[in-house]
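> Could you look at this predicted model? Sequence included:
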Amino acid sequence: MPGLGLRAPDPELRDHRVILRLLADRDVPGFLAGLRDPAIARFAYAGRLAADQASVQEYIDRVPARLASGDALLLAVLDAETGTFCGKTMLFGVDWDQRSAEIGFWLSPAARGRGLAARAVALTVRWAFDDLALERVQGLTDIENEPAQQVMVRVGFYREGILRGLERRSQGRADMISYSLLSTDEIRA
């Protein structure tokens, strides 16, 4: 049985469309380009991460420490054909007693519309279940983030409901939609 503890996949996760590996310094340019997309800035970071070189570098510099402390696993999503940085998936809020975690993800605008997000999320969740022995993965997204909702449904997540005013933002409180996938559910994509 897999051991407890948050760790990076070794070897990297891959299928014929995407590769997932630990987010690293070489991803700063692609990450920064993605963060400049208004949808990513709004829905993934809610204005908490500035779209500038120094802020993104600092964020990525903290990846090893966040992994070592068990805070979060941040994975770069790469196009398997070209090796181009496309986005990010992450597992965070791991509760080992409950064998659960939350997933987050985003793709740069140029990478959207090819099914890469669903493939990356499916690989991340499958690895969380098989290698980390988690039993539940939750995804929360803004009620206005329809593309993220579509990805989760495509992968097989179940919609659980709306969490009113869950997230505090500069423009007020935002409602979030909760989705979940259990290790006994079918993972699609």
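Happy to help now that I have it. Remember, predicted model here, so these are calculated numbers, not experimental data. Numbers count the residues shown, from 1 in each chain.

> Let me see the mean pLDDT of the longest helix along the chain.
The single longest helix within the chain, with elements called by DSSP state H, is helix 116-130. Looking at helix 116-130 alone, the average pLDDT works out to 97.

> Which secondary structure elements does it sit against?
When contacts are defined as 3 or more CB pairs under 8 Å, 6 or more residues apart in numbering; DSSP states H and E, helix 116-130 packs onto strand 13-14, strand 18-22, strand 72-79, strand 85-95, strand 100-107, strand 136-142, helix 146-155. Bear in mind the C-beta positions are built from the backbone N, C-alpha and C, glycine included.

> now do 6 Å
If you count contacts as 3 or more CB pairs under 6 Å, 6 or more residues apart in numbering; DSSP states H and E, helix 116-130 packs onto strand 18-22, strand 85-95, helix 146-155.

> Take those and lay them out in a markdown table including mean pLDDT, distance to residue 130 and mean neighbour count.
Written out in a markdown table, the entries for the helices and strands packed on helix 116-130 read as follows (pLDDT from 0 to 100; distance: least, CB to CB, whole Å; neighbours: other CB atoms under 10 Å):
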| stretch | mean pLDDT | distance to residue 130 | mean neighbour count |
| --- | --- | --- | --- |
| strand 18-22 | 98 | 14 | 21 |
| strand 85-95 | 96 | 13 | 20 |
| helix 146-155 | 97 | 15 | 19 |
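
> Take the ones you listed and write them to JSON lines, including distance to residue 57.
Conversion of the helices and strands packed on helix 116-130 to JSON lines gives the following (distance: least, CB to CB, whole Å):
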{"stretch": "strand 18-22", "distance to residue 57": "16"}
{"stretch": "strand 85-95", "distance to residue 57": "14"}
{"stretch": "helix 146-155", "distance to residue 57": "26"}
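
> and residue 29, which of those is closest to it?
Evaluated with CB to CB, the helices and strands packed on helix 116-130 place strand 85-95 nearest to residue 29, the distance being 7.6 Å.

> partners of that closest one, with directions?
Paired with strand 85-95 in the same sheet, following DSSP bridges, are strand 72-79 (antiparallel), strand 100-107 (antiparallel).

> who's in contact with it?
For strand 85-95, contacts defined as CB atoms under 6 Å, 6 or more residues apart in numbering pick out 6, 27, 30, 72-77, 79, 101-108, 111, 116, 120, 124, 128.

> how about a cut-off of 7 Å?
Strand 85-95 is touched from outside by 6, 20, 23, 27, 30-31, 34, 70-79, 101-108, 111, 116, 120-121, 124, 128, with contacts defined as CB atoms under 7 Å, 6 or more residues apart in numbering.

> PyMOL command for the buried members of the residues you listed?
The PyMOL selection below is limited to those of the contacts of strand 85-95 classed as buried (16 or more other CB atoms under 10 Å):
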select buried, resi 6+20+23+27+30+31+34+72+73+74+75+76+77+78+79+101+102+103+104+105+106+107+108+111+116+120+121+124+128
